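Q: Take a look and give me a structure for this.
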Amino acid sequence: MTNEQGTSRITKGYKQLISEAAEEVDTYSTADAIDRFGDDDVTFVDVRDTTEIIENGEIPGAIHAPRGMLEFHIDPENPFFIDSFGEDSEFIFVCAIGSRSILAAQRAKEMGLGRVATIEGGANAWKEAGGPVDEPRPSM
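A: Reported below is the predicted structural model:
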């Protein structure tokens, strides 16, 4: 969207936001993230929309905390709080290709989760590399 002068109203685009988040958040290679799967001190957090998970499958045992509800799921004072966020764990955020998850991990870190990371290439790269996936659910 542009203003009357034909220039953009935004001062930062998504590419800059992702770049800034990458400076604050650790990113695992797909292979390293797969190696972390099953570790007792690691929790995977899937921030994709429900329809994406239904259509594409998910990392077994991952918390589903859609990006639009993330802050509410992290805050223990909110009725939508997910108990797993209160555990002492490293939270590895994942989305389809890694953009939403790095922004989500940055926000979670801002909110006080100490150990956060994301996966290079997201769930798509995870699946292509042979990482465990609960297969897509049949549509109704």
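
Q: Averaged pLDDT, stretch 89-106. What do you get?
A: For stretch 89-106, mean pLDDT is 97.

Q: mind listing what residue 131 touches?
A: Contacts were defined as Cβ atoms under 8 Å, 6 or more residues apart in numbering; by that measure residue 131 touches 30, 33, 34, 37, 59. Where C-beta positions appear, they are placed from N, C-alpha and C, glycine not excepted.

Q: Next, the contact list for the fourth one, please.
A: Which is residue 37. Here residue 37 is in contact with 44, 59, 131, 132 (Cβ under 8 Å, 6+ apart).

Q: rerun at 10 Å
A: By Cβ atoms under 10 Å, 6 or more residues apart in numbering, the residues touching residue 37 are 44, 59, 60, 61, 62, 92, 126, 131, 132.

Q: in the contacts of residue 131, which two residues are the furthest apart from each other?
A: Within the contacts of residue 131, two members stand farthest from each other by Cβ to Cβ: 30 and 59, at 11.7 Å.

Q: residues bridging contact with those two, i.e. touching both?
A: 119, 123, 126, 127, 131.

Q: give me the number of residues near the third one?
A: By that I understand residue 126. Other residues lying near residue 126 total 23 when counted by other Cβ atoms under 10 Å.

Q: and the host helix or strand of it, which residues are buried?
A: Using DSSP states H and E, residue 126 sits in helix 122-128. Judged by neighbour count using 16 or more other Cβ atoms under 10 Å, the buried positions of helix 122-128 are 122, 123, 124, 125, 126, 127.

Q: That one packs against which elements?
A: Here helix 122-128 touches helix 30-36, strand 42-46, helix 50-56, strand 90-94, helix 99-111, going by 3 or more Cβ pairs under 10 Å, 6 or more residues apart in numbering; DSSP states H and E.
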